[in-house]
Structures are given as structure tokens and as C-alpha cells.
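J.: sequence and predicted structure below; questions after.
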Amino acid sequence: MNGLKEKVLTLDTMNPCVRKVEYAVRGPIVLRALELEQELRQGVKKPFTEVIRANIGDAQAMGQKPITFLRQVLALCVHPDLLNSPDFPEDAKRRAERILQACGGHSLGAYSISSGIQLIREDVARYIERRDGGIPADPNNIYLSTGASDAIVKLRPLLEKLSQFHAKFTREYS
């Protein structure tokens, strides 16, 4: 193959169910949940008193209290003048300072590479390694996004381009 190693994972070798995956936060289950919520509001008796929206990964909508530390770090990163405030714990200040130092211009407003801030990708890689019992994780193979919807929107065109490239490559070099 012209000196190139053959890829193990391609669109042809991946599970066909992965290729056919669809992401819909609105579908028949969500529509039924909305109907059930409306019926409960109208007083219709059910063997339950509420509908828990577990389809969108919004833990706070399901009653989880916000994690204070994360909000403190975010507040400090967005408004660094707060780093001098006695109202924030030192561990949150240290975390915010570490993140800001890794940002261009030491500001969250600076652009980063598309895959995300290197320091944070390195932290994610270390977490994955610990979680997976020491199996190495490469931060250069980690792509951060603002959530599942954003990642799917960005990855679908990539998978389509990969499929087109693979088909062309196979025709030309087989």
C-alpha cells in the first residue's frame, strides 16, 4: 500500500451500528415524557408523581445540586480579579490560576486549538489512565467539546469525509 500501514479501524471495519447511530434528544420517548408531564399537571393519576428527564444528561434538571468547586473555579477564570477575593477557597484559586496560565494571554477569552486546551487534555488523559488501571491515554488523541450534541455535530462530517477518503484511497492504491 505504497509504504503506508493499513488502518485497523475504518468505516468498513467499524461496527455498522456505530455508523448508523442517530442522536436525537427529541423523539418518541421524549414526546411521550412531555405528554406524561402534561397529564400529571392536569391531575391525571399515575403510579408515579414525576417524570425524570434522564435523556439529556442534565443532572441539575434532575435535582442534583451544582458542584460549588467547579462554579468557583469557573468564576475565577472568567473574572480573574476575584483571585484576590477572600470569598474563594485557596484550592479553587490554585486551580483557576493553573488553567489561566495554560491559556493564551492567560485568559479564557483566547482561542485554543480545536481539540481544546493542552493542559486540560493532559489532565483528562491522566484521569483516563487512572480510571482504566494504567492503560496509557494520549492527550493528543483527546478532543474536548462543549457536550455530546456539539461533538456529534462536529464528528459526523468527519466520518463522512473519512468514508470518502477511504473509498478513494482504496480505489487508487488497491
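T.: Okay, I see it. Predicted model only: the values in this text are computed from it and were never measured.
J.: next one: the residue nearest the centre of the chain from G116, what distance?
T.: Nearest to the geometric centre of the chain sits G147, at 3.9 Å (CA atoms, centre = their mean). In this structure, G147 and G116 are 13 Å apart, going by CB to CB, to the nearest Å. Quick note: C-beta positions are derived from backbone N, CA and C, even for glycine.
J.: is S149 within a helix or a strand, and which one?
T.: helix 148-173 (DSSP states H and E).
J.: pLDDT of that helix, averaged?
T.: On average, the pLDDT along helix 148-173 is 80.
J.: what helices and strands are in contact with that helix?
T.: Under the contact definition 3 or more CB pairs under 8 Å, 6 or more residues apart in numbering; DSSP states H and E, helix 148-173 sits against no other helix or strand.
J.: buried sites along it?
T.: L162 (16 or more other CB atoms under 10 Å).
J.: next one: stretch 27-37
T.: Within stretch 27-37, no residue counts as buried by 16+ other CB under 10 Å.
J.: how distant is that stretch from the center of its chain?
T.: In terms of CA atoms, centre = their mean, to the nearest Å, the centre of stretch 27-37 is set 25 Å apart from its chain centre.
J.: tell me how far L11 lies from K154.
T.: Separation of L11 from K154 (CB to CB): 17 Å.
J.: an error on my part: the question was meant for R126.
T.: Remark: distance between R126 and K154 (CB to CB) = 24 Å.
J.: equivalent analysis for D87, please.
T.: Counting by CB to CB, the separation of D87 from K154 is 37 Å.
J.: kindly report the same for K46.
T.: 39 Å.
J.: residues near P139, how many?
T.: P139 has 17 neighbouring residues, counting by other CB atoms under 10 Å.
J.: care to break this structure down by domain?
T.: 9-57, 65-111, 112-143 (the TED database).
J.: what's the span of the second one, first residue to last?
T.: Length of domain 65-111, first residue to last, CA to CA, to the nearest Å: 31 Å.
J.: please enumerate the helices of this structure.
T.: 16-19, 28-41, 68-78, 90-102, 118-131, 148-173 (DSSP state H).
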